[in-house]
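Colleague: just the structure for this:
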Amino acid sequence: MRPLYGLILAGGASKRMGTDKAALDYHGKPQLQAAFDVVSPLVEKCFVSVRPDQTGNPVRAAFPQIVDSVDIDGPAAGLLSAHQAYPDVAWLVLACDLPMLDRGTLENLIARREATNVAVAYRSEHDGLPEPLCAIWEPEALERLEQQVLDGRTCPRKLLINSPTKLLEPYARGALDNINTPEEREDATRRLENPTGGPMIRLKLEYFAQLRELAGTREQTLETTFATVGPLYEELRETYAFPFEASKLRVAINGDFAPWTQPLKDGDHIVFIPPVTGG
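Modeller: Numbers count the residues shown, from 1 in each chain. As a prediction, the model looks like this:
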């Protein structure tokens, strides 16, 4: 596997928002800082992608930068400029306007990286197409994007659609929602103030193998306000020091295998199934 670097895309004009999206405060710090903080521990090096006229911007100046060297509009400029600067590495690419993003979403993305794919991306919750701005781009994918741009097509999503991209189901509902307008910002702020979702529900949990040993029980009943099983597992993982990332597990809800984003309802029976080990 090639080395993995991080790239936070912060070169947009924020026209629909009417103010710099990188400077917005959702977590007690500028959103660019929040994005950099979640990506940088997961990669060897991390950079912020900026336009030439943004290098001295107070929000961006404190970060390692890759300045656009490709004269095209849109995120492809940042992607290809990063590839030109470091052509032999893969990039964990993240738009800076994703305040709902959780670390588990990125860890799952990295865990699913394979040599047979030129990229790893999530499937959009809204249209089922690849999400190009929370994805891992291998050098081959960026070479393909470079050729696509030379042919007059600058859309990174189209490149992922037409390439051997590993597509993942969403890990946490709403994690990849772009916040582009004042109305969306208001909604995101409300959701972040109530991150666990909706009303209290009662669930029956069942653990196997090492998870059972660490939890100290095979079955457990608990009440939660989490709307999906992904964030619930992350809380349990922290509580019981489970060693497995969610990407290594299967989850079944009411007897059927389910995606981590499946909505939960009162009375659900959830089974966490760790990977099988043998010797």
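
Colleague: can you give me the helices in the chain?
Modeller: Taking DSSP state H as the criterion, the chain contains helices spanning 31-39, 75-85, 103-111, 139-150, 156-161, 182-193, 209-215, 229-240.

Colleague: what does the shortest one contact?
Modeller: Pointing back at helix 156-161 there. 74-76, 79, 119, 121, 129-130, 132-133, 135, 141, 144-145, 148 (CB atoms under 8 Å, 6 or more residues apart in numbering). The way it works is simple: take the backbone N, C-alpha and C, and place the C-beta from them, glycine included.

Colleague: minimum pLDDT in those residues, which residue is that?
Modeller: Ranked by pLDDT, the contacts of helix 156-161 bottom out at residue 129 (91).

Colleague: for the chain, give me the ranges with low pLDDT.
Modeller: 195-198, 277-279 (pLDDT under 70).

Colleague: got the domain ranges for it?
Modeller: According to automatic domain parsing, the chain comprises the domains 4-192, 201-273.

Colleague: and among the ones you listed, the most buried is which?
Modeller: Per residue and on average, the most neighbours among the domains of the chain fall to domain 4-192, with a mean of 18 (mean count of other CB atoms under 10 Å).

Colleague: contacts only, for residue 86.
Modeller: The neighbours of residue 86, taking CB under 8 Å, 6+ apart as the test, are residue 5.

Colleague: scratch that, residue 9 is what I was asking about
Modeller: Counting by CB under 8 Å, 6+ apart, residue 9 touches 49, 75, 78, 93, 94, 95, 96, 133.

Colleague: go on, residue 155?
Modeller: 74, 76.

Colleague: could you check how far residue 189 is from residue 99?
Modeller: Look at residue 189 and residue 99: by CB to CB, to the nearest Å, they are 9 Å apart.

Colleague: what is in contact with those two at once?
Modeller: With contacts taken as CB under 8 Å, 6+ apart, residue 189 and residue 99 have residue 26 as neighbours in common.

Colleague: about what we covered before: of the contacts of residue 9, which is the nearest to residue 220?
Modeller: Of all the contacts of residue 9, residue 94 has the smallest distance to residue 220: 34.6 Å, by CB to CB.

Colleague: now do the contacts for the closest one.
Modeller: By CB under 8 Å, 6+ apart, residue 94 lies in contact with 6, 7, 8, 9, 35, 39, 101, 106, 133, 134.

Colleague: try residue 220
Modeller: For residue 220, the contact set (CB under 8 Å, 6+ apart) comprises 204, 205, 206, 207.

Colleague: those residues: which two are farthest apart?
Modeller: Farthest apart among these by CB to CB are 204 and 207. That separation is 11.3 Å.

Colleague: joint contacts of these two?
Modeller: Residues touching both residue 204 and residue 207 by CB under 8 Å, 6+ apart: 219, 220.

Colleague: relative to residue 215, which of the contacts of residue 94 is nearest.
Modeller: Lowest distance from residue 215 to the contacts of residue 94 (CB to CB) belongs to residue 106, with 25.4 Å.

Colleague: not counting its neighbours along the chain, what's nearest the closest one?
Modeller: Nearest non-adjacent residue to residue 106, counting by CB to CB, 6 or more residues apart in numbering: residue 42, 5.8 Å away.
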